[in-house]
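Colleague: Here is my input; please provide its structure:
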Amino acid sequence: MNFDKELDARGLNCPLPILRAKKALGEVGSGQVLKILSTDPGSVKDFAAFAKQTGNELLSTAEAGGEFTFFMKKK
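Modeller: As a prediction, the model looks like this:
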């Protein structure tokens, strides 16, 4: 998937991946896509809730070898 900015939040625990993603989304324009890498298993739930609360679109969630990849589109 194409993305405009990448955030590496691996090794960070809740709530840091969400806080960093919020900051990174503030640095991209409307309609742009942020790729987030995380190792926190709780981030799956967190990013789903974050998308719902903020109106940003969670395009996809994937997990491989304990690493989670999210693509979020800024509203």
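Colleague: And the pLDDT at Ala49?
Modeller: Ala49 is assigned a predicted lDDT (pLDDT) of 98.
Colleague: Just the buried positions in whatever helix or strand it lives in, please.
Modeller: Element membership for Ala49, per DSSP states H and E: helix 43-54. For helix 43-54, a neighbour-count test (16 or more other CB atoms under 10 Å) marks Ser43, Asp46, Phe47, Phe50, Ala51 as buried. From N, CA and C alone the C-beta is placed, and that goes for glycine too.
Colleague: if we take these, which one ends up nearest to Thr61?
Modeller: Relative to Thr61, the closest of the buried residues of helix 43-54 is Phe47; by CB to CB it sits at 6.9 Å.
Colleague: Would you map the helices across the chain?
Modeller: Using DSSP state H, the helices of the chain run over 16-25, 43-54.
Colleague: Identify the bridge partners of the most centrally placed residue in the chain.
Modeller: For the chain, the residue sitting closest to the mean C-alpha position, by CA atoms, centre = their mean, is Ile36 at 4.2 Å. Beta-bridge partners recorded for Ile36 (DSSP bridges): Leu7, Phe70.
Colleague: Surely it touches Glu67?
Modeller: No - here Ile36 does not reach Glu67: they are 10.9 Å apart, not a contact under CB atoms under 8 Å.
Colleague: re earlier: wait, which of the buried residues of helix 43-54 is closest to Ala9?
Modeller: Ser43 (7.6 Å).
Colleague: Now the residue lying farthest from the centre of the chain. Its backbone dihedrals?
Modeller: For the chain, the residue at maximal distance from the C-alpha centroid (CA atoms, centre = their mean) is Gly65, at 17.7 Å. Backbone geometry at Gly65, expressed as degrees, to the nearest 10, gives phi 60, psi 40.
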